[in-house]
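**Q** This is a predicted model, with the sequence first.
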Amino acid sequence: MTEFKRDGSHLSSYPPVEKWDDWVELDAGAWPRRVEKHYQLVPTICFNCESACGLLAYVDKETGQVAKFEGNPMHPASRGRLCAKGPATITQIHDPDRILYPMKRSGPRGGGKWTRTSWDEVLETFGACIRKAIQENRGEEVMYHVGRPGHDFIMERTLQAWGIDGHNSHTNVCSSSARLGYLLWHYADRPSPDHANARFILLLSAHLESGHYFNPHAQRIIEGKMAGAKLAVMDPRLSNTASMADYWMPSYPGTEAAVLLAMAMVILGENRFDATFVKNWTNWEELEVDGFCAKGQSFESLIDALKRHYAKFTPEFAEKESGVKAEVIVKTAREIATAGSRFASHLWRGSASGNLGGWQPARALMLLHVLTGSVGTPGGHNLNAWNKFVPRPFKNPPPQKRWNELLYPQEWPLCVHEMSPLLPHFLKEGRGRIEAYFTRVFNPVWTYPDGFSWIEMLRDEQKVGLHAALTPTWSETAWFADYVLPMGFSSERHDLMSQESYAGKWIGFRQPVLRVLQEREGKKFDYTYQANPGEVWEEDEFWINLSWAIDPNGSMGIRQWFESPYRSGQKLTVDEYYGWIFENSVPGLPEAAAKEGLKPLEYMRKYGAYEVTTDVYKLNEKPVAPADLAGSKVEANGLVTKEGKAVGVMVGGEAVVGYNTPSRKLELFSKTMADWKWPEFALPEYYRSHIHRSAQAASLGKSGEDFDPDFDKRYMPLVEWPKDAKGEVYTLLPIFRLPHLIHTRSGNSKFLYEIAHKNPLWVNPVDAKRLGDIRTGDLLKVHTEIGFFVLHAWVTEGLAPGVVACSHHMGRWRLNKEDQIERMSSAWVDLKEVGKGQWKMRQLSGVEPYETSDPDTKRVWWSDAGVHQNLTFPVHPDPITGMHCWHQMVRVERAGPDDRYGDVFVDTNLSFAVYQRWKALTRPAPGPGGLRRPLWIPRVVRPEEAAFYLPKKKA
Ligand code: SF4
């Protein structure tokens, strides 16, 4: 902790822990008088992105209210630092328009009429509905659909206690493709780069300013840079991240794997790879490609085969595909080779989330790590599973016996997560219905593609019986719910968090600040909503109580999982749930707490976080545990097996644990891909995205100079334009993040929306000319496959030519002028269904000042709420990963006299047709042995093994 003195004043970077009970600051508002303010500081965890940085809530001792949030210096990942969204939490909790009480709709669904109800009524209604579904063997009609995860452990427990396969998530609009690319190599589906110790860092997209684990990673990338690391950024946008780079590579979207494989070829061709690592730690002996079979061959012959296989990936080829200069590709590849085991990288959304085949860049990027031996090393690429701490609660329910085809349908056997963007289409096809639907911090009508198909699904009571939106803020989706249930922000609920932020493992504790403080003072609460504003509750207590409501007398076997581990037959409390975990499941925590005379729960309530270990490198080299070794045998291929299951692998004469892949090595050759009908992708490959220039030509009925028979015959044309679509064809990048916004939740933060509130279309000057001398502020009409939207142009050189871009954060809308959805972030719109499936939206007014208990809402000075582009995007499920491929092929023209800013038109009949075209690209299950999906690939809330097999067809 840095402390220094200046002019006799005592300044400190952070309040020292020993002063947290009475922290004194001068009241800035009282200046020039010196008025002291006394605060109690309570740690909690930020909820405004997945990074889980540590917050300190400053509770004013006079008012008993939270006055501000700062960083928690005791949090090992964020180390006291925050991005703009952390401190902005204060505006969210004090938002005068927030939902304070459970609400029940009082008119037709989507009519916007609500009445206040009680938590007891909510529990009774949903308890009876779910009980009936379970008792009637309709468990798959109960679905929990999460947008922003958190409280994962208790949710998994809840769904398995109910015996249902009902977990749905947002991951297929977020990160599934990147996940498959990584997990095929080493089972872990995310990277954990050790940026701080790297010598060379390669980021695909704007990871420094807005990526996954943004603040914890950003500070370590800068540390790495300050220690001499060079930074390369591959991104068609000159983002703030690219502006910090030594090498900016504005690659054409979807061509990143071509560049990465060309780099690999430079390293292979110049023999600058780590041969020992590749030989010891890849499954090279399983490789079969181009008629070459490595089994029984020398390692050198394998390297020759790889060089032959990748020969086409010259720097010149990569330049032609991507636009990145060949000499930059060569230079960067050499820098990576020089960095060797200290080469770090990150890829998460961007190229992975935008493109057909977006999993290949992750697979190709990992090839660079494997060639340089930078896996599990200081300054290298680590596995998320090595840096994320997952504690286990007491007495877990058994895995469910069911398999829900609405979540994991047979067409996508390799999808990493649930096929959630397709849910409206699945229901339209008659694949099932939903009796009880919980959406949790989830706003698919706005954040997902094809939002009007979601509206059609949500308003149809035959398809969705009872819908509760669990949310801290109003949303476009909550509008179509039956119940809107207010859940807490970061300082209003419990949760455990751990992320792969750096080379270490930590655990953080989110806690309801006002409850914790009042309990310190001796007050007692049965439930957190009694201490929170209004009756804002927390999910943990909600699920515990709902489970009791489903099974009040324990006869269904559900209630037992929500009984206290300390008081037989009594209802579990959150203190008992987390207390047990901290006492029994976090190594070293009880001892650290005891040193301070605290119980583990008290320690976590005091500090908010605990670092479990920093011993995280090269965990693949750990010897097989003696218990596993006893009775094991070594197979011909070097696998160490026990009772038919692999427990390790022989490397250098030692039995070590290796990776969790079938070969226990890094899988250069994926037998899984070959076995599951995609043999052409068993090695890392490059293939063109749906928005490639050749696909653009195909959409216009031309073959174009870039025609590639291998690709284009298989995939083209995927795009069919509506008959009135006109204008030049472009690729639209619709998913870049702004560092200070967070999808739906930032909508109720006046601080964050004041910083930015519009999302114009980025257009390069070359394209502005091509479009007829477009200038910044001109109105453009952007046609997609299913409709159009109208917005302003922003002419900028910060984007590669041939591409246009629009941030996904803006364009919130509301159907009521005065209420629901914060008025500072949304436009008031008129929404009409002008024909079956034909939706037209027009803005009636932008943002205007308005009267509330907060005087700032009268001071709102901006009027633009942005334009909702996602509505006009059809679903594009990648045929392998299931990831929604966000990038859009669009046609851009000047807006006409009848077009107005913010106009949106969509035909959901066309979106259903696009869904059918993409579905036709899949290669469905069964796989080997009648499996629905490979047993070794992870699955959220995993059912028992028998459920992985398709039922045998009757003869
Ligand atoms: S990066 Fe920002 S929004 Fe995300 S958890 Fe940290 S402070 Fe919160």
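**A** On my side now, so go ahead. This structure is a prediction, so every number in the text was calculated from the model and none was measured.

**Q** Now for the residue in the stretch 551-700 of the chain that the ligand sits nearest to, how many residues are close by?
**A** Closest residue of the stretch 551-700 of the chain to the ligand, CB to the nearest ligand atom: Ala609 (12.4 Å). (Each C-beta comes from the backbone N, C-alpha and C, glycine too.) Taking other CB atoms under 10 Å as the neighbour definition, Ala609 ends up with a count of 22.

**Q** ok now do it, which residues does it touch?
**A** 43, 45, 54, 72, 74-77, 506-509 (CB atoms under 8 Å, 6 or more residues apart in numbering).

**Q** One more: Val940?
**A** Here Val940 is in contact with 167, 169, 417-418 (CB under 8 Å, 6+ apart).

**Q** Need the buried ones from those residues selected in ChimeraX.
**A** Filtering the contacts of Val940 down to the buried ones (16 or more other CB atoms under 10 Å) takes a single ChimeraX command:
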select :167,169,417,418
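
**Q** Out of the contacts of Val940, which is nearest to the ligand?
**A** When the contacts of Val940 are ranked by distance to the ligand (CB to the nearest ligand atom), Ser169 comes first, at 18.8 Å.

**Q** Now do that closest one against Val24, distance only.
**A** 45 Å (CB to CB, to the nearest Å).

**Q** returning to what we had before: biggest separation within the contacts of Val940, which pair?
**A** His167 and His417 (9.5 Å; CB to CB).

**Q** isn't there a strand covering Thr852?
**A** No: counting by DSSP: H, G, I helix; E, B strand; the rest coil, Thr852 is not found in a strand; it is coil.

**Q** For it, report the pLDDT, please.
**A** pLDDT, Thr852: 94.

**Q** Kindly report the same for Asp710.
**A** 68.

**Q** May I have the secondary structure class of the residue of the stretch 851-955 of the chain found nearest the ligand?
**A** Here the residue of the stretch 851-955 of the chain nearest the ligand is Gly866; by CB to the nearest ligand atom that distance is 20.1 Å. Classification of Gly866 using three-state DSSP returns coil.

**Q** Next: Gly107.
**A** Of the three states, Gly107 takes coil under three-state DSSP.

**Q** Can you report phi and psi for it?
**A** Torsion angles at Gly107 (phi, psi; degrees, to the nearest 10) stand at phi -130, psi -160.

**Q** same deal with Gln838?
**A** phi -110, psi 120.

**Q** Not including adjacent chain positions, what is the nearest residue to it?
**A** Asp907 (5.2 Å; CB to CB, 6 or more residues apart in numbering).

**Q** Please read off the pLDDT at that neighbour from the model.
**A** The score at Asp907 is 98. That number is its pLDDT.

**Q** Then Trp886?
**A** So, for Trp886, pLDDT stands at 97.

**Q** was I right about it contacting Phe873?
**A** Yes: between Trp886 and Phe873 there is a contact under CB atoms under 8 Å: 7.4 Å.

**Q** overlap in contacts of those two?
**A** Common contact partners of Trp886 and Phe873 (CB under 8 Å, 6+ apart): 449, 734.

**Q** Please say which of these two ends up with more neighbours.
**A** Phe873 (29 against 25).

**Q** Skipping adjacent residues, who's closest to the more buried one in space?
**A** Going by CB to CB, 6+ apart, Phe873 has Pro449 as its nearest residue, at 3.8 Å.

**Q** The one you found sits in which helix or strand?
**A** Assigned by DSSP states H and E, Pro449 falls within no helix or strand.

**Q** Spit out the contact partners of it.
**A** 173, 421, 870, 873-876, 884, 886.

**Q** pLDDT check: weakest of those residues?
**A** Lowest confidence among those: Val173, with 91.

**Q** Pretty sure Val640 sits against Glu654.
**A** No: counting by CB under 8 Å, Val640 stays clear of Glu654, with 10.1 Å between them.

**Q** Now do the shared contacts for these two.
**A** By CB under 8 Å, 6+ apart, no residue touches both Val640 and Glu654.

**Q** In terms of neighbours, single out the busier of these two.
**A** Val640 (21 against 11).

**Q** So that one, which state does it fall into?
**A** Strictly by three-state DSSP, Val640 counts as strand.

**Q** Tell me the confidence at Ile434?
**A** Ile434 is assigned a pLDDT of 98 by the prediction.

**Q** what's the answer for Leu732, then?
**A** Leu732 is given a pLDDT of 98.

**Q** what's the answer for Lys952, then?
**A** 84.

**Q** With Lys702 instead?
**A** Lys702 is given a pLDDT of 83.

**Q** what do you get for His692?
**A** On the pLDDT scale, His692 is placed at 91.

**Q** is it true that it touches Ala257?
**A** No: look at His692 against Ala257 with CB under 8 Å: they stay out of range, at 12.0 Å.

**Q** Provide a list of residues in contact with Leu287.
**A** By CB under 8 Å, 6+ apart, the contact set of Leu287 is 293-294, 302, 305, 668-669, 683.

**Q** Over to Leu371?
**A** 264, 267-268, 273-274, 278.

**Q** and Pro679, how many neighbours?
**A** Pro679 - counted by other CB under 10 Å - has 14 other residues nearby.

**Q** okay but it is in contact with Ser670, surely?
**A** No: in this structure, Pro679 is not within contact of Ser670 by CB under 8 Å, at 9.6 Å.

**Q** one step back: just the contacts of Leu287: which are in helices?
**A** 302, 305 (DSSP state H).

**Q** Out of the contacts of Leu287, grab the one that's most surrounded.
**A** Neighbour counts for the contacts of Leu287 peak at Leu668, which has 27 neighbours (criterion: other CB under 10 Å).

**Q** Quickly note the distance from the nearest residue to that one once chain neighbours are set aside to Arg688.
**A** Nearest residue to Leu668, sequence neighbours excluded (CB to CB, 6+ apart): Thr282, at 4.3 Å. As judged by CB to CB, Thr282 and Arg688 stand 27 Å apart.
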